[in-house]
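A.B. asks: Predicted model follows, preceded by the sequence.
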Amino acid sequence: MRVSRRSDVAPFLAMDVLSDANRLAREGRSILHMELGEPGTPVPAAVRAAAEEALNRGRIGYTEALGIPDLRARIARLYADRYGVDVPAGRVAVTAGSSGAFNLAFLAMFDVGDRVGLPTPGYPAYRNILTALGLEVVEIPTTADARWQASAAAIEKAHAERPLAGIVVASPNNPSGTMMTREGLKALVGACRDMKITLVMDEIYHGLVYAGDEVTALEFSDDVVVVNSFSKYFCMTGWRVGWMVLPERLVRPVERIAQNLFISPSELSQRAALGAFEASEELEAVKAGYEASRRLLLRRMPEIGLDRFLPVDGAFYFYADVSRHTNDSLDFCRRMLHEAGVAATPGLDFDTGRGSSYVRFSFAGRTDEIAEACERIGAWLK
């Protein structure tokens, strides 16, 4: 049986770590999880109630390819309420998680062989999806001094060397949790416009911001693609429902591709997602738990010998420089899992060039478990 060249993508190391951690847990080991960016709390009660109501109606079927009108309208209202930005519901596309959104966006905007810039360190699935679709990935290294964020100047430099068709940028960033400033994001949007580079903005960690301004790229232009999800702030990872805000000219192309690839997002997940907007009190309590874990790690990580990281503006990740302990983050994480019972993700997932010196620690789980993980790591590193 032939295996396509496009399937030759790198593994998602965070998922490999999870598999190993779960195997050890089945063998009776006590494992603390800091590898996945998955909320450790139950789905909000209002989400469960909305799903139950939909199930009790007795029929779950296909919906419009771009999502049910009520949900598209409610997502559009989110932009008015949170950012003061007017987004017509007709420009909102509901997707099978943000992963479905990236697939649809890349297919609608780029042709095989197009060059797409990725600031690194960054989310590995961008690189792997682009590669599987036959696109050329152009890694644009960022620095700790620049808070691991892309600048307009860096994009201009990469474009001058050889033209880019697009760029994918996240704020807050995964794995570092750092955010772009309002001025930096405005400059980036303007630079992409001037160079005719398509900007795809990953905003899936919006709602989970602890320091700085939460700014959407839509504040500066309608000619960008913004991707978001119900997975992170709304605690709905397993429901696989996300969304995009599209420029008007991309709505119909995305709809045609969605009709053929997915038919529609899950109706049950969409009905449940409507309930998420009624769960603000519960969701803010979850966020307060993340803030407590963040404060704990800001204090404890330097004490246990992991003091090289940037303050976390948003999301729920610490991206720690472990070069004083190892030059092989993959081996470091394997040993930390097997010897200390703490699962974390090697930096090689996020930066193929420099990631051997970094590890991403997720604090999406319970604060008491994060505290116990610190104790185990500290004892292990002594």
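C.D. replies: Cool, got the structure. Numbers count the residues shown, from 1 in each chain.
A.B. asks: give me the number of residues near the closest residue to Gly37 other than its chain neighbours?
C.D. replies: Using Cβ to Cβ, 6 or more residues apart in numbering and skipping residues adjacent in sequence, the residue nearest Gly37 is Ser362, 5.3 Å away. All C-beta atoms are positioned from the backbone trio N, CA, C, and that covers glycine. Burial of Ser362 is recorded as 25 neighbouring residues (other Cβ atoms under 10 Å).
A.B. asks: Repeat that for Leu118.
C.D. replies: Leu118 - counted by other Cβ under 10 Å - has 21 other residues nearby.
A.B. asks: Helices of the stretch 51-200 of the chain, residue ranges please.
C.D. replies: Counting by DSSP state H, counting those that start in this stretch, the stretch 51-200 of the chain has helices at residues 69-83, 97-109, 124-132, 152-161, 182-195.
A.B. asks: I'd like the ones you listed written out as TSV, with mean pLDDT added.
C.D. replies: What follows is those, written out as TSV (pLDDT from 0 to 100):
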stretch	mean pLDDT
helix 69-83	98
helix 97-109	97
helix 124-132	94
helix 152-161	95
helix 182-195	96
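A.B. asks: Out of the ones you listed, which gets nearest to Gly28?
C.D. replies: Closest to Gly28 of those, according to Cβ to Cβ: helix 124-132, at 30.9 Å.
A.B. asks: How much space separates the residue nearest to Gly37 from Tyr126?
C.D. replies: Ser362 sits 18 Å away from Tyr126, going by Cβ to Cβ, to the nearest Å.
A.B. asks: Just tell me which of the helices of the stretch 51-200 of the chain ends up closest to Tyr319.
C.D. replies: Of those, the one closest to Tyr319 (Cβ to Cβ) turns out to be helix 124-132, at 13.4 Å.
A.B. asks: Output that closest one in PDB with nothing but the alpha carbons.
C.D. replies: Output in PDB follows, covering the C-alpha atoms of helix 124-132 (Å, rounded to 0.1, in the frame of the first residue of the first chain):
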ATOM      1  CA  PRO A 124       3.400  22.500  15.900                       C
ATOM      2  CA  ALA A 125       0.100  21.600  14.200                       C
ATOM      3  CA  TYR A 126       0.400  24.800  12.000                       C
ATOM      4  CA  ARG A 127       3.700  23.400  10.500                       C
ATOM      5  CA  ASN A 128       2.300  19.900  10.100                       C
ATOM      6  CA  ILE A 129      -1.000  20.900   8.600                       C
ATOM      7  CA  LEU A 130       0.700  23.200   6.100                       C
ATOM      8  CA  THR A 131       3.200  20.500   5.200                       C
ATOM      9  CA  ALA A 132       0.500  17.900   4.700                       C
END
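A.B. asks: Just the buried positions in that helix, please.
C.D. replies: Using 16 or more other Cβ atoms under 10 Å as the test for burial, helix 124-132 gives Pro124, Ala125, Tyr126, Arg127, Ile129, Leu130, Thr131, Ala132.
A.B. asks: so which pair among the residues you listed is furthest apart in space?
C.D. replies: Greatest spacing in the buried residues of helix 124-132, by Cβ to Cβ: Pro124 and Ala132 (12.3 Å).
A.B. asks: Excluding chain neighbours, what is closest to the spatially most central residue of the chain?
C.D. replies: Nearest residue to the geometric centre of the chain (Cα atoms, centre = their mean): Ile204, 5.4 Å. Of all residues not flanking Ile204 in the chain, Ser229 sits nearest, at 4.4 Å (Cβ to Cβ, 6+ apart).
A.B. asks: And Arg256, how close does it get to Tyr83?
C.D. replies: Relative to Tyr83, Arg256 is positioned 29 Å away (Cβ to Cβ).
A.B. asks: Show me which of these two is the more surrounded one.
C.D. replies: With neighbours defined as other Cβ under 10 Å, Arg256 and Tyr83 compare such that Tyr83 has more, 15 against 12.
A.B. asks: give the contact list for that one.
C.D. replies: Residues in contact with Tyr83 (Cβ atoms under 8 Å, 6 or more residues apart in numbering) are Glu214, Val215, Thr216, Leu218, Glu219.
A.B. asks: Go through those and say which is closest to Asp16.
C.D. replies: Glu214 (32.2 Å).
A.B. asks: Next, the closest one: phi, psi?
C.D. replies: phi -90, psi 110 (degrees, to the nearest 10).
A.B. asks: Where does the residue nearest to it when sequence neighbours are not counted fall, secondary structure wise?
C.D. replies: Closest residue to Glu214 apart from its sequence neighbours, by Cβ to Cβ, 6+ apart: His206 at 5.8 Å. Following DSSP states H and E, there is no helix or strand that holds His206.
A.B. asks: Looks like His206 contacts Val227 (just checking).
C.D. replies: No. Between His206 and Val227 there is no contact under Cβ atoms under 8 Å: 10.6 Å.
A.B. asks: partners of the residue nearest to Ala150 when sequence neighbours are not counted in the sheet?
C.D. replies: Take Ala150 and drop its neighbours on the chain: the residue closest to it by Cβ to Cβ, 6+ apart is Pro119, 3.8 Å away. Counting by DSSP bridges, Pro119 forms beta bridges with Ile140.
A.B. asks: residue contacts, Pro119?
C.D. replies: Ile140, Pro141, Thr142, Trp148, Gln149, Ala150, Ala154, Ile167, Val169.
A.B. asks: Kindly report the same for Gly212.
C.D. replies: Gly212 makes contact with Met179, Thr181, Asp313, Gly314, according to Cβ under 8 Å, 6+ apart.
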